[in-house]
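Chemist: Generate coordinates for the sequence data below:
(chains A and B)
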Number of protein chains: 2
Amino acid sequence: MSAQGGHRVVVVGGGFAGVQAVRALRGAPVEVTLVDRNNYHLFQPLSYQVATGALSPAEIAEPLRMIFRRQANVRVVLAEVTGLDLEGRAVVAQPRAGDGESLTLPYDTLVVAGGSAYSYFGHEEWRPFALEVKTLDSAVHVRGRILKAFEAAELAGDAAARAAWLTFVVVGGGPTGVEMAGQIAELARDALPGDFRSVDPRAGRVLLVETADRVLTSLPSSLSARAQRSLEDLGVTPLTGHTVVGIEPAAVEVRDGGGKVERFDARTVVWAAGVTASPLAGILAEASGAQLDRAGRVTVGPDLTLPGHPEVLALGDMVRVGEEALPGLAPVAMQQGRYAGRLIGERLAGRSTPPFRYRDKGDLATIGRAQAVADLRRVRVGGLLAWVLWLAVHLVYLIGFENRVVVMIRWAYAFLTRNRGARLITEP
Amino acid sequence: MSAQGGHRVVVVGGGFAGVQAVRALRGAPVEVTLVDRNNYHLFQPLSYQVATGALSPAEIAEPLRMIFRRQANVRVVLAEVTGLDLEGRAVVAQPRAGDGESLTLPYDTLVVAGGSAYSYFGHEEWRPFALEVKTLDSAVHVRGRILKAFEAAELAGDAAARAAWLTFVVVGGGPTGVEMAGQIAELARDALPGDFRSVDPRAGRVLLVETADRVLTSLPSSLSARAQRSLEDLGVTPLTGHTVVGIEPAAVEVRDGGGKVERFDARTVVWAAGVTASPLAGILAEASGAQLDRAGRVTVGPDLTLPGHPEVLALGDMVRVGEEALPGLAPVAMQQGRYAGRLIGERLAGRSTPPFRYRDKGDLATIGRAQAVADLRRVRVGGLLAWVLWLAVHLVYLIGFENRVVVMIRWAYAFLTRNRGARLITEP
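Modeler: Numbers count the residues shown, from 1 in each chain, chains lettered A, B, ... in the order given. Got it, this is the predicted structure:
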């Protein structure tokens, strides 16, 4: 208990895990401080739609202050966490606004949900040439880069230069890679033709490189095959069983299963392959002696607490629960967030909480217009039905009534016209 | 006539004047090249709504290629014009995408509509400390700066620092200044309270500095007085008869009519005062011997052609038609654009065109929720009626059906909830 009387909970990270943890503390006798480097919660599963001009940033991002304006026990701090002092029980953070003296936020209970970033498998030299759609700012940047590639093709002096500008390589056949590849192909095939005079955007090539022998490996192979057919119908070339071995400003080298290396002239590479946990996982591991796995995730106990530190919970993409590495998906993070918030409340009431258990409701991935796959464990569906399910789930989980209405209109418009309204090249 | 057979028209600038000129050339036996440094047409009169989180960038910007996709005689080039060669009849431009060799665009007729920028009356040293809402990128930047000021106030260590973060100075009492001041006040008074814990956004001060003795000097004084009362009701302090004499990172100095200088601690200054024409006006003047006025505008003839160069038309904010300096408003630019397009078509048909004449349909300015003023020359109205008229006119002139629908929803939502959906701090 703090001097002020309230039990101080600091939550690091306003992603799915952090937001759900704070929400679950509604009504608990605590003072919550939520720290994030951005002033908004990003609905990350739709950021690829920003990157391809289908939606606008504000449509998939809700200001954290707006989410918690009516939850009186929460204060939001716009700051980047720079240190965790587990001994002194305080978070050190650098404000993102103002004159910037660093802040010390003392806690009685700490919840760390720092998320993850893309990893380049030790090839950091590829990072400058690859695009990512992890953050909102990066999604806006990717949108500009993809649109500029078509602009450059329109002005290109010869056929080879034009072809390189019209070749897009997406690395990683997970949900993000599949969605990006599908959306770039749709942009080239449906939205842009008619807009250009010298070049036909439909001549664009989209290569999807995946080391495994199929895309969407978390799904049953029948759905992978279906997704792959949908991608091919859209004009994507899936290169399964292939591994990227080189990325340069204007070319990508890909090795096939037999060891043969092929070089593709391509000016646009989107990276959607391996992820690595937030550096906060490393700080927690070092301070507590907890294990870090190869993906940089810290191992927490079955109640999501750090070994030896029952007052510290870690959740989301940056943790491994015991032996179990759960997938880095929004439902996992949300369930862990709700669990963490409830556990803190129960603990203050003197009650114990059973271990965290992930309730897997299934997997969904969308490929393009009216094309998706859904594995609901008991039922597997593809095509229009899966797509409608995908639409409904995403609209329900999107935060903010206004955003839901606007996104619904954008999607209806895109469905009817095959066009995309947010095709802006912005680059302050 | 060019070798290809078509009469080549190059239009520089995709603002109101340029877009209307190109549209008016629909069906004319010409090959139009529209050059702009952005890939979109900006509905500039609403950019202050982006700067205050009411609308998203894509809602007030339409890709130029989308506007002209069905006009087959137009090609769009994404490039920054770097030179005009009137002797050789060519425009030199640097592409904004690709490997960037500079382009030469030959023309038979040239239309220059380069617009204007803010001027600091010779005080260029103020520019780094002042914010502008002229371009879309700058509006997004201002949005981040205004929202960050409240974030910084929330974390400020003492009352004086907090007050400086909560003091906003808007320089210039024209439509943009009045709208910005009103919107910042509404943001502080209606949208943000409840969002913060340490600070009350309603404690924010908005000062509107105008050298003249009233705001909106282009309107009759009765409407100026009404606008001023509405501003005061919103909590804005209009400092009419005051002149800014100094801008520093954390303070603004203002001199009153009696010569007394007052210093205000303020961390956010929005500049909406004098404008200066695009540098293209200077290039045209130098090449042709035409006059430049004090605001950098080139003087064109009654048919908008450059003296001695009937094949060159200049229009919009960057020109002065003979002795007449028309206001830098969208309707003037649009009418001049339509005139220029028609004149080119008529000329090719061997017909002459009477001189350009501006049909002034009136002035509109909005202050805030249900508050606006309208001078329709015969009728002058204020309050709700003027506001509804303002809404209707802006929705009608906004380009793109989808944007109209989305903006209407955003406005309805803002009206009902007094909130704003696009309150993102984004800063790549």
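
Chemist: all contacts plus neighbour counts: C-alpha atoms, from now on.
Modeler: OK.

Chemist: what residue ranges in the stretch 301-428 of chain A score low on pLDDT?
Modeler: A:428 (pLDDT under 70).

Chemist: Tell me where it has strands.
Modeler: Using DSSP state E, counting those that start in this stretch, the strands of the stretch 301-428 of chain A run over residues A:305-306, A:309-314, A:319-321, A:363-368, A:371-375, A:380-382.

Chemist: which non-adjacent residue is nearest the residue of the stretch 1-150 of chain A at minimum distance from chain B?
Modeler: For the stretch 1-150 of chain A and chain B, the shortest gap (C-alpha to the nearest C-alpha) falls at A:Gly98, measuring 4.4 Å. Nearest non-adjacent residue to A:Gly98, counting by C-alpha to C-alpha, 6 or more residues apart in numbering or on different chains: B:Ala152, 4.4 Å away.

Chemist: and the one you found, which of the three is it?
Modeler: helix (DSSP: H, G, I helix; E, B strand; the rest coil).

Chemist: what about it, how many residues close to it?
Modeler: By other C-alpha atoms under 10 Å in any protein chain shown, the residues close to B:Ala152 number 25.

Chemist: Model confidence score at it, please.
Modeler: pLDDT, B:Ala152: 96.

Chemist: just checking, it touches A:Glu101?
Modeler: No: under the criterion of C-alpha atoms under 8 Å, B:Ala152 is not in contact with A:Glu101, lying 10.9 Å apart.

Chemist: What segments of the stretch 51-200 of chain A are strands?
Modeler: A:61-63, A:74-85, A:90-95, A:103-106, A:109-112, A:116-118, A:167-171.

Chemist: could I get these as a markdown table with mean pLDDT, distance to B:Leu416 and mean neighbour count?
Modeler: Formatted as a markdown table, the strands of the stretch 51-200 of chain A follow (pLDDT from 0 to 100; distance: least, C-alpha to C-alpha, whole Å; neighbours: other C-alpha atoms under 10 Å in any protein chain shown):
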| stretch | mean pLDDT | distance to B:Leu416 | mean neighbour count |
| --- | --- | --- | --- |
| strand A:61-63 | 95 | 18 | 24 |
| strand A:74-85 | 97 | 25 | 21 |
| strand A:90-95 | 97 | 33 | 20 |
| strand A:103-106 | 97 | 37 | 18 |
| strand A:109-112 | 98 | 36 | 24 |
| strand A:116-118 | 94 | 38 | 19 |
| strand A:167-171 | 98 | 43 | 27 |
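
Chemist: who's in contact with A:Leu78?
Modeler: Counting by C-alpha atoms under 8 Å, 6 or more residues apart in numbering or on different chains, A:Leu78 makes contact with A:35-39, A:95-97, B:151.

Chemist: let's go with 7 Å and repeat that
Modeler: A:35-39, A:95-96, B:151 (C-alpha atoms under 7 Å, 6 or more residues apart in numbering or on different chains).

Chemist: Just confirm the residue of the stretch 1-150 of chain A closest to chain B contacts B:Gly157, I think it does.
Modeler: No: counting by C-alpha atoms under 7 Å, A:Gly98 stays clear of B:Gly157, with 10.4 Å between them.

Chemist: With neighbour numbers in mind, choose between the two.
Modeler: Set A:Gly98 next to B:Gly157 and count neighbours by other C-alpha under 10 Å: A:Gly98 wins out with 19 against 11.

Chemist: State the distance from the more buried one to B:Arg145.
Modeler: In this view, A:Gly98 and B:Arg145 are 10 Å apart by C-alpha to C-alpha, to the nearest Å.

Chemist: and if you look at A:Lys260?
Modeler: Per C-alpha to C-alpha, A:Lys260 is found 52 Å from B:Arg145.

Chemist: ok so, going back, what subset of the contacts of A:Leu78 is buried?
Modeler: Among the contacts of A:Leu78, those buried by neighbour count (16 or more other C-alpha atoms under 10 Å in any protein chain shown) are A:35-39, A:95-96, B:151.

Chemist: of those residues, closest to B:Leu398?
Modeler: A:Asn39 (29.4 Å; C-alpha to C-alpha).

Chemist: got the contact list for the closest one?
Modeler: A:Asn39 touches A:63-64, A:78, B:424-425, counting by C-alpha under 7 Å, 6+ apart.

Chemist: run the last query once more with 6 Å
Modeler: A:63-64 (C-alpha atoms under 6 Å, 6 or more residues apart in numbering or on different chains).

Chemist: Over to the one 4 residues further on?
Modeler: The neighbourhood of A:Phe43, defined by C-alpha under 6 Å, 6+ apart, consists of A:60-61.

Chemist: try A:Ala139
Modeler: Contacts of A:Ala139 (C-alpha under 6 Å, 6+ apart): A:50-51, A:133.

Chemist: ok, the residue of the stretch 101-250 of chain A found nearest chain B to A:Thr268 distance?
Modeler: In the stretch 101-250 of chain A, the residue that lies nearest chain B is A:Ala152 (4.4 Å; C-alpha to the nearest C-alpha). Applying C-alpha to C-alpha, the value for A:Ala152 to A:Thr268 is 12 Å.

Chemist: Spell out which residues of chain A are next to chain B.
Modeler: A:58, A:65, A:69, A:97-98, A:137, A:148, A:152, A:194-195, A:422, A:428 (C-alpha under 6 Å from any C-alpha of the partner chain).

Chemist: among these, which ones are buried?
Modeler: A:58, A:65, A:69, A:97-98, A:137, A:148, A:152, A:194-195, A:422.

Chemist: What is the most widely separated pair among the residues you listed?
Modeler: It's A:Gly98 and A:Gly194 that sit farthest apart of these, by C-alpha to C-alpha, at 47.1 Å.

Chemist: so where do the helices sit in the stretch 251-400 of chain A?
Modeler: Along the stretch 251-400 of chain A, the stretches classed as helices by DSSP state H, counting those that start in this stretch are A:279-288, A:330-348, A:383-397.

Chemist: And for the stretch 51-200 of chain A?
Modeler: Going by DSSP H, counting those that start in this stretch, the stretch 51-200 of chain A shows helices at A:64-67, A:136-155, A:159-165, A:175-186.

Chemist: now the second one and strand A:167-171, what's the angle there?
Modeler: Angle between the axes of helix A:136-155 and strand A:167-171 is 150 degrees (criterion: axes from the mean of the first three to the mean of the last three C-alpha atoms, to 10 degrees).

Chemist: starting at the chain centroid, how far to helix A:136-155?
Modeler: Mean C-alpha position of helix A:136-155 versus that of the full chain (C-alpha atoms, centre = their mean, to the nearest Å) differs by 20 Å.

Chemist: any idea of the angle that helix forms with helix A:175-186?
Modeler: Going by the same axes, to 10 degrees, helix A:136-155 makes 30 degrees with helix A:175-186.

Chemist: Can you get me the start-to-end distance on stretch A:24-31?
Modeler: 13 Å.

Chemist: Ok, stretch A:269-276 next?
Modeler: First-to-last residue span, stretch A:269-276, C-alpha to C-alpha: 19 Å.

Chemist: Let me see the mean pLDDT of it.
Modeler: Mean predicted confidence for stretch A:269-276 is 94.

Chemist: Report pLDDT for the closest residue to A:Ala153 other than its chain neighbours.
Modeler: Nearest residue to A:Ala153, sequence neighbours excluded (C-alpha to C-alpha, 6+ apart): A:Arg162, at 4.6 Å. Note on A:Arg162: pLDDT of 95.

Chemist: Wait, A:Arg162 touches A:Glu154, no?
Modeler: No: applying C-alpha atoms under 6 Å, one finds A:Arg162 not in contact with A:Glu154, separated by 7.5 Å.
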